[in-house]
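**Q** Structure for the following, please:
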Amino acid sequence: MKVLITGASGLLGGHITRKMSEAGYDIRLFMRKSSGTEGIKGCFSEIMYGCLTNHKEVNDAVKGCDIVIHVASLTPGAETSFKHYEAVNVHGTINITEAAIQHGVKKMVYISTANTIGPGSLEKPGTELSGFSLFGVGSGYINSKYLAQQYVLEQVEKRGLDAVVINPTFVIGPQDYKQGTSRMILHGLRKIQVVPRGGKNFVPACDVASGVLLALEKGKAGETYLLAGENLTYSAFFDKVNSISGHKPFRIVFPKTVFKALGMAGTLWSRISGKAVSLNFVNASILSLDNYYSGTKAFRELGLKNTSTDTAIGQTIDWLNVMGKTVSPVKSGKSNFLKNMLIKAAKKLTGINDKPEKIAGGFALGTLIGMTPFVGFQMVLAFFLASVFKLNKVAAGIAVFNTNVFTGLFIFSFNYYIGTWLLGFQPTFVFPEQLDMQFAAQIFSTGYETILALFTGGLVTGIPTAFVGYKLLMKFFLKFQVQASSLLSNMHKGHII
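**A** Below is the predicted model of the structure:
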């Protein structure tokens, strides 16, 4: 039977293509000319190039096929707006579905996402009976996949389309040539892990591919099937990664409120700079969720069997090693090894070769963080966010000290009264005589109104201050960069070291 598969260049699409080829299906791929076929060469008989948003190209690709497996979509990233995902994920799916109906396709499988179904807790994970509960999170990706899924299901009911929907959870596995979900495993192989408090369900890509094949044989029209594996907190997942790889990193686990605050700062920075960042408020909110699911229905009705998460992680790490994606230990017997490492470390730590806008951007970020009420944690936040946004860490750290033992009480008092005025709160917090760690404990023990007022006032005063600082310090940091680069150049040539 002739099968059309979209999205075969991705992790999941590649696994599905190999599985269908092994089962003896005649495979036609529909993809963009820029997409690669690494890992699936020899698994298909023809390729048709085109775009999901082009009705004619989609129609030509579907014509003559008995089965359509629609995997392709824009996957979640730094962009969060619905508009970014609408054309491909919604209208592209409509084009595929309409073409399937027009050409009398015998069966269609639409690959959606588990998040179109409400997640649950570890004790009571989400099932196919759970309603769509994540609309309010504000993820353009999730909302676009939900609308596309609903369109497919509507055509089953209204026009007799024989289609099933597959809802995989977070897919992991080897052959991730686009460096999608494997980035999470690579994060686990870093020397420092930053981990949120939430968790999710992890499913091996090979199991989802098997589930698609089983859905073609046993799936009932109009049904949705959660393909889920093991529910794990992020800490538990990285414990597995570290155990399997032998890595022993330093781990920082952020409380949900702090992680969301970091995401809010990312969103604010994105709006100021005009550049999308991965750690934004939407993504931070999703990562803070208890994002757990049960795949019992697929096990019961399709006969799907599970591969262990440990096996999938191990296979992925092995593949990443073969592809040269993981960091190998540095080996050198040269006498100048320590000197070179110190120079490299100095450059990396200070970002001395950074562009002026990155240095000024780091200073602006530190200025903003210094205005927030996270006393005692501001330096950590500054270094972390500067790393995430690829800004200068030293500049960010220096700027944090705009609130110190001399200026802090005045700045925080001013921010507090600004925040209470804007929010309509009654100012009841009594500031101490000096700024220390007890001040932070006092803030967080007085209730959400004090924290919210300080945070709001800090943003109101911090954003314009950071913006002005960014503009004024560009010339200063440019001059500093030239001088420091000359210094490090002399160090490298042996004039100093």
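
**Q** tell me the SS of Gly77?
**A** The local conformation at Gly77, judged by DSSP: H, G, I helix; E, B strand; the rest coil, is coil.

**Q** Quick one: residues contacting Ile101.
**A** Shown in contact with Ile101 (C-beta atoms under 8 Å, 6 or more residues apart in numbering): 155, 159, 161. Every residue, glycine included, has its C-beta placed from N, CA and C.

**Q** ok, these vs Ile252, which is closest?
**A** Gln155 (47.3 Å; C-beta to C-beta).

**Q** Show me just the buried residues among the contacts of Ile101.
**A** Neighbour-count burial (16 or more other C-beta atoms under 10 Å) is assigned, among those, to 155, 161.

**Q** Reformat the contacts of Ile101 into TSV and put distance to Val137 next to each item.
**A** Below are the contacts of Ile101 laid out as TSV (distance: C-beta to C-beta, whole Å):
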residue	distance to Val137
Gln155	27
Arg159	31
Leu161	30
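
**Q** from the contacts of Ile101, which is closest to Gly361?
**A** Once C-beta to C-beta is applied, the member of these that ends up nearest Gly361 is Gln155, at 48.1 Å.

**Q** Surely that closest one touches Thr97?
**A** Yes: at 5.6 Å, Gln155 counts as touching Thr97 under the criterion of C-beta atoms under 8 Å.

**Q** Quick check: neighbours shared by those two?
**A** Going by C-beta under 8 Å, 6+ apart, residues that sit against Gln155 and also against Thr97 are 161, 163.

**Q** roughly how far out does stretch 250-263 sit from the chain middle?
**A** 14 Å (C-alpha atoms, centre = their mean, to the nearest Å).

**Q** in it, what counts as buried?
**A** Neighbour-count burial for stretch 250-263 [16+ other C-beta under 10 Å]: 251, 254, 258-263.

**Q** what does stretch 13-31 give?
**A** By neighbour count with 16+ other C-beta under 10 Å, stretch 13-31 contains the buried residues 13-21, 25, 27-31.

**Q** And the contacts of it?
**A** Against stretch 13-31 from outside (C-beta under 8 Å, 6+ apart): 1-9, 37, 39-40, 42-50, 58, 61, 65, 67, 69, 71-72, 173, 175, 177, 205-206, 208-210, 212-213.

**Q** Contacts only, for the residue nearest the centre of the chain.
**A** The C-alpha lying nearest the average C-alpha coordinate of the chain belongs to Gly77 (C-alpha atoms, centre = their mean; 5.4 Å). Neighbouring residues of Gly77 by C-beta under 8 Å, 6+ apart: 276, 278.

**Q** quick one, what contacts Ser34?
**A** Ser34 sits in contact with no residue, where contact means C-beta under 8 Å, 6+ apart.

**Q** so what pLDDT did it get?
**A** At Ser34, the predicted lDDT confidence score is 92.

**Q** Could you do Gly211 as well?
**A** pLDDT at Gly211 comes out at 98.

**Q** in the helix or strand hosting it, what's buried?
**A** Secondary structure assignment for Gly211, by DSSP states H and E: helix 205-218. Across helix 205-218, burial judged by 16+ other C-beta under 10 Å covers 205-216.

**Q** which outside residues touch that helix?
**A** Around helix 205-218, the neighbours that count as contacts under C-beta under 8 Å, 6+ apart are 11-12, 15-16, 18-20, 23, 67, 69, 107, 109, 111, 164, 166, 168, 171-175, 225, 227, 229, 298, 301-307, 312.

**Q** Recalculate using a threshold of 6 Å.
**A** For helix 205-218, contacts defined as C-beta atoms under 6 Å, 6 or more residues apart in numbering pick out 11-12, 15-16, 19, 23, 107, 109, 164, 168, 171, 173, 227, 298, 302, 304, 307.

**Q** so who does the nearest residue to Ala228 once chain neighbours are set aside touch?
**A** Spatial nearest neighbour of Ala228, excluding adjacent residues (C-beta to C-beta, 6 or more residues apart in numbering): Gly295 at 3.4 Å. With contact taken as C-beta under 6 Å, 6+ apart, Gly295 is in contact with 226-228.

**Q** if I look at Gly295, how far off is Ala114?
**A** Applying C-beta to C-beta, to the nearest Å, the value for Gly295 to Ala114 is 9 Å.

**Q** Quick check: neighbours shared by the two?
**A** Leu226.
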